[in-house]
Each structure stands twice: as structure tokens, then as C-alpha cells.
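>>> please find the sequence and the predicted model below.
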Amino acid sequence: MSAETEPIVKTDEQKVNGDDEKPLNKNSTEDVSDGDDDEEEGAPTAEAGTSKKKKKKRKPKKKNKGNTSGATQQTSPPRVPLDQLFPSQNFPVGEECDYRDENLYRTTDEEKRALDRMNNDYLTEYRKGAEVHRQVRQWAQGWIKPGMSLTEIAEGIEDSVRALTGHDGLSEGDSLIGGMGFPTGLSINNCAAHYTPNAGNKMILQQGDVMKVDFGVHVNGRIVDSAFTVAFDPVYDPLLAAVKDATYTGIKEAGIDVRMSDIGAAIQEVMESYEVELNGQTHQVKPIRNLNGHNINQYQIHGGKSVPIVKGGDQTKMEEGETFAIETFGSTGKGYVRDDLEVSHYAKNLDAPNIALRLSSAKNILNVITKNFGTLPFCRRYLDRLGQDKYLLGLNNLVSSGIVEAYPPLCDIKGSYTAQYEHTILLRPNCKEVVSKGTDY
């Protein structure tokens with residue numbers, strides 16, 4: 001996907017589907033004279049009328065760089081907190097889709113509509129997180145360029161998310177209120193998922209790379225998980241189109257009482273209908289069969305249910321009130337990934353065993369994780385910015401004890417290229433909401 005130019009960010013009560021409503025107040029932030037600093041030119045002075053008026057030198061007003069208080073439009077990079085842009089807390093609604101077949105009645109059923117109205121608080125939290133994700137990613141799509149380091153890209157996205165949620169995560173427990181819901185994955189070429197730079201990483205994004213940008217935003221543990229793919233060479237366009245089409249097929253098929261196996265079969269059929277030609281060879285786009293979508297619980301990125309992207313026998317059904325990340329991965333390689341490269345992603349297990357830890361470093365880092373992330377995913381850079389050092393031995397001890405789960409990078413065969421698109425959907429009582437949907441994808 002080619003990097004897009006920076007869009008204008010819509011503000012309060014504008015829906016993401018492109019409604020042409022006017023935003024709150026778009027007063028220019030340029031300096032405007034209030035007229036008190038200077039006398040009107042040509043006016044007589046208090047001296048004799050024959051003397052000429054001396055012009056006063058206008059003192060230039062100092063611009064307070066970095067101060068976004070009072071701003072009514074988003075900045076570049078994004079730094080205006082979302083609560084300032086949406087003082088009424090009326091955040092844009094995602095794309096609402098009616099249920100189909102035997103669940104079509106839910107659209108107009110008064111009982112279901114009343115039940116939906118009772119969910120206003122959690123919907124507001126999801127929609128706030130989704131709008132943060134939209135504003136940050138739309139800026140990032142125009143900002144990311146070849147020659148940038150992965151560390152610069154990751155920190156640019158994460159600093160923007162923290163600014164917009166209003167939580168920098170540096171004080172104890174602040175990251176649990178809002179901020180990053182999933183570390184910024186920047187997985188390149190044959191690496192499909194779970195790669196983010198650790199300290200000292202020198203990797204540079206190249207013109208011919210295909211990079212998956214996967215990050216999550218959370219507000220009060222309501223995680224919005226969404227991903228897109230960046231490619232600068234149009235030769236990869238069919239690969240990206242295949243995966244985007246497959247993801248939207250999964251979203252279309254998803255719904256209350258729908259079996260996971262039916263969603264996977266529909267995704268596979270669409271993705272495998274695409275081909276991409278690279279270096280004179282034609283490759284069928286293959287779904288990566290051991291990567292799945294998943295349901296999301298509060299403060300838990302993987303809730304226990306999986307949404308396959310190939311046909312299979314999983315008869316598990318989606319249920320009312322659940323939240324799902326519908327994500328698909330396509331590859332020009334084997335369509336199968338293995339653990340590879342250095343681990344960067346971690347998360348404390350929800351049902352972590354109560355084990356007596358012998359290593360003091362393990363006890364210390366577990367305390368830091370619990371107080372700052374809880375069960376939210378994190379990466380090593382997040383521990384670094386909290387001032388932690390020499391923690392790797394203790395962290396590995398927590399992994400081997402089953403208290404913390406490590407998520408290593410997942411890679412197809414070398415020389416292959418992979419792409420990813422992902423959205424978060426809410427299975428509300430009366431409709432399906434693609435809460436992370438934007439004008440970009």
C-alpha cells in the first residue's frame with residue numbers, strides 16, 4: 001500500500017463514513033492582533049498636530065511551541081488529546097451493519113435496541129480508542145517513508161497514541177487507564193507478526209519492503225486492535241488487495257450465531273482467488289493457515305476464541321456482546337509461519353500460577369509488569385522507558401514459570417512476502433459495528 005497524504009482529521013460528531021458535517025470550531029491558530037498594542041496609523045499624537053506620529057515597533061508574539069491547549073484540530077504529529085477535540089465525549093460511530101438471515105429481526109427489535117442503549121459506557125470507550133487509532137494511523141500512513149528506522153516509526157506511533165489518550169504511561173498505573181493496547185508491530189517481508197524493535201535495533205525500512213503495521217489502543221481496558229500494510233512498490237498491490245478483500249469478507253460473514261469454520265472458508269476462497277507476479281514468477285496468494293483472528297476481552301487481547309482464515313471443522317459460534325479482531329494474513333510463501341528472531345512482545349497470563357519466585361530480578365520485574373500493564377501486552381521498550389534495566393533474566397524466568405507469555409516473531413520462508421489487514425468489530429444486540437473502520441481502510 002502506498003503511503004497516503006495526510007488527511008484532514010474530522011472532529012466532534014462527524015462519523016467515519018465521510019459525512020460532510022462541520023467540525024466544532026476551526027478558528028485559525030495564527031497570531032491575530034487584538035489592536036491594543038499599536039495606535040492606529042496616521043492618528044494624531046498627544047503632541048502638537050504638526051509633529052509626525054512616531055510608529056511603534058510591533059513586538060512579535062512568542063509562539064508557545066508544543067502547547068496544544070485550545071486547539072480544535074489535530075496536529076501533525078498528533079498531540080491534541082481526544083477529550084479536547086470531543087468535549088462532549090460523543091466520538092464517531094464505526095460502520096454499523098445489519099445482521100443477516102435469522103438475526104435480521106434484531107435491527108428493529110425494541111428489546112434489542114433497549115439493551116444496546118444500556119451499553120453506552122463501554123461503547124464510548126471503544127469508540128474513543130478507535131478514533132485515537134484512526135487519527136494516529138492516518139498520520140502515520142503519510143509520515144512513514146523508506147530510510148526511517150523501525151525504532152523511530154514505532155516510537156512515533158506510540159508517542160501519538162499516548163498523547164491522544166492523555167496517558168503517557170510514566171507514572172505507576174497510568175498505562176492501565178488508557179494508552180497502548182498492543183505494542184506497535186512492524187513486521188517486514190516474510191515476517192508476518194509480533195516484531196517490534198528492541199533497544200539498539202538499527203533496522204531501516206527499505207523501498208522494496210512490505211511492512212505490517214499492527215498496534216492496539218485501549219481505554220479502560222477496551223482494546224481496539226487494527227492493522228494495515230505499507231508497501232512503496234506497486235508490484236505488491238495485488239498482495240495487499242487480496243488480504244484487504246479477505247479481511248472484509250471475514251467482517252461481512254461474522255455475526256451472532258455464525259460458526260467460525262464458515263468464516264474461515266469464506267476468507268480462504270477470496271484470498272486464494274488473487275495472484276501476484278514477482279520477478280517474473282506468478283504466486284497464488286495463500287492465507288497463513290496457522291494465524292487467526294480472535295475475540296477480545298477487557299484487558300485481554302486474546303480472549304480464548306479463534307477466527308480461522310482457512311476452512312476447517314471449528315463449530316464454535318460467535319455470541320451476542322462479544323468483541324472480535326477480524327484479521328487475515330496472506331503470503332507468497334508456504335502460508336505457514338514459525339517462531340523466529342528475537343522476542344519483543346510479552347503479556348502476563350490472566351490465570352498466572354502463584355509460584356514462589358527465587359530470583360529477585362523476577363520478583364521485581366513482575367511487580368513492575370503487574371502495576372503498569374496488568375494483563376495488557378507490552379514490549380521490552382516499555383520496560384526501558386520506565387527505567388528498568390538488567391531485567392531480561394528475570395523476565396525469562398517469568399516466561400519459563402508460566403506467569404508471563406512470550407510472543408516471538410512469526411515468519412514464513414525467507415524470500416516470501418506477507419501482508420495483513422485487521423479490524424475490531426462489536427457484536428451489539430441490534431447490529432454489528434466495525435468500530436475501527438476509517439476512510440483509509
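Looks like it arrived, so ask away.

>>> give me the below-cutoff pLDDT ranges for the stretch 51-200 of the chain.
Per-residue confidence of the stretch 51-200 of the chain (counting by pLDDT under 70) places the weak regions at 51-67.

>>> show me where it has strands.
Listed in chain order, the strands of the stretch 51-200 of the chain (DSSP state E, counting those that start in this stretch) span 95-97, 178-188, 191-193.

>>> make a markdown table from those and add mean neighbour count to it.
Every C-beta, even on glycine, is put in place using the N, C-alpha and C of the backbone. What follows is the strands of the stretch 51-200 of the chain, written out as a markdown table (neighbours: other C-beta atoms under 10 Å):
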| stretch | mean neighbour count |
| --- | --- |
| strand 95-97 | 17 |
| strand 178-188 | 25 |
| strand 191-193 | 24 |
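
>>> which parts of the host helix or strand of residue 277 are buried?
With secondary structure defined by DSSP states H and E, residue 277 is part of strand 275-278. For strand 275-278, the neighbour count (16 or more other C-beta atoms under 10 Å) marks 276, 278 as buried.

>>> quick revisit: include distance to residue 437 when you put the strands of the stretch 51-200 of the chain into a markdown table, please.
Formatted as a markdown table, the strands of the stretch 51-200 of the chain follow (distance: least, C-beta to C-beta, whole Å):
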| stretch | distance to residue 437 |
| --- | --- |
| strand 95-97 | 4 |
| strand 178-188 | 17 |
| strand 191-193 | 21 |
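
>>> so which of those strands comes closest to residue 318?
strand 95-97 (13.5 Å; C-beta to C-beta).

>>> against which helices or strands is the strand holding residue 277 packed?
In terms of contacts (3 or more C-beta pairs under 8 Å, 6 or more residues apart in numbering; DSSP states H and E), strand 275-278 is packed against helix 237-253, strand 281-284.

>>> what lines up beside that strand in the sheet?
Within its sheet, strand 275-278 is paired with strand 281-284 (antiparallel), according to DSSP bridges.

>>> about what we covered before: what's the average pLDDT for the strand holding residue 277?
In this model, strand 275-278 carries a mean pLDDT of 97.

>>> residues in contact with that strand?
Residues from elsewhere that reach strand 275-278 (C-beta atoms under 8 Å, 6 or more residues apart in numbering): 235-236, 238-239, 242, 282-285, 332, 417.

>>> switch to 7 Å and redo it
235, 238-239, 282-285, 332 (C-beta atoms under 7 Å, 6 or more residues apart in numbering).

>>> could you pull out the helices in this protein for me?
In the chain, the segments counted as helices under DSSP state H are 82-85, 110-117, 120-143, 150-165, 237-253, 260-271, 360-372, 380-385, 392-400.

>>> any chance of the ones you listed in JSON lines, plus distance to residue 421 and mean neighbour count?
Output for those, formatted as JSON lines (distance: least, C-beta to C-beta, whole Å; neighbours: other C-beta atoms under 10 Å):
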{"stretch": "helix 82-85", "distance to residue 421": "24", "mean neighbour count": "18"}
{"stretch": "helix 110-117", "distance to residue 421": "27", "mean neighbour count": "13"}
{"stretch": "helix 120-143", "distance to residue 421": "12", "mean neighbour count": "22"}
{"stretch": "helix 150-165", "distance to residue 421": "17", "mean neighbour count": "21"}
{"stretch": "helix 237-253", "distance to residue 421": "4", "mean neighbour count": "22"}
{"stretch": "helix 260-271", "distance to residue 421": "11", "mean neighbour count": "21"}
{"stretch": "helix 360-372", "distance to residue 421": "30", "mean neighbour count": "17"}
{"stretch": "helix 380-385", "distance to residue 421": "25", "mean neighbour count": "19"}
{"stretch": "helix 392-400", "distance to residue 421": "30", "mean neighbour count": "18"}
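
>>> include distance to residue 321 when you put those helices into a markdown table, please.
Listed next are the helices of the chain as a markdown table, based on distance: least, C-beta to C-beta, whole Å:
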| stretch | distance to residue 321 |
| --- | --- |
| helix 82-85 | 25 |
| helix 110-117 | 9 |
| helix 120-143 | 10 |
| helix 150-165 | 24 |
| helix 237-253 | 18 |
| helix 260-271 | 17 |
| helix 360-372 | 28 |
| helix 380-385 | 30 |
| helix 392-400 | 32 |
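
>>> which one, of those helices, ends up nearest to residue 407?
Of all these, helix 392-400 sits nearest to residue 407, with 10.3 Å by C-beta to C-beta.

>>> how distant is that closest one from the center of its chain?
Remark: helix 392-400 is offset 28 Å from the chain centroid, using C-alpha atoms, centre = their mean, to the nearest Å.

>>> for residue 218, which non-adjacent residue is closest in space?
Among residues not flanking residue 218 along the chain, residue 181 sits closest, at 3.3 Å (C-beta to C-beta, 6 or more residues apart in numbering).

>>> how about that neighbour, what does it touch?
216-218, 223-225, 376.

>>> nearest to residue 354, of those residues?
Using C-beta to C-beta, the contacts of residue 181 come closest to residue 354 at residue 376, 20.3 Å.

>>> one step back: would you convert the helices and strands packed on strand 275-278 into CSV that also reports mean pLDDT?
Shown next, in CSV, are the helices and strands packed on strand 275-278 (pLDDT from 0 to 100):
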stretch, mean pLDDT
helix 237-253, 98
strand 281-284, 97
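
>>> for residue 327, which of the ones you listed is the nearest?
Using C-beta to C-beta, the helices and strands packed on strand 275-278 put helix 237-253 closest to residue 327, at 6.6 Å.

>>> which strands or helices does the closest one pack on?
Packing contacts for helix 237-253, counted by 3 or more C-beta pairs under 7 Å, 6 or more residues apart in numbering; DSSP states H and E, involve strand 222-231, helix 260-271, strand 275-278, strand 323-331, strand 418-427.

>>> this completes my enquiry, with thanks.
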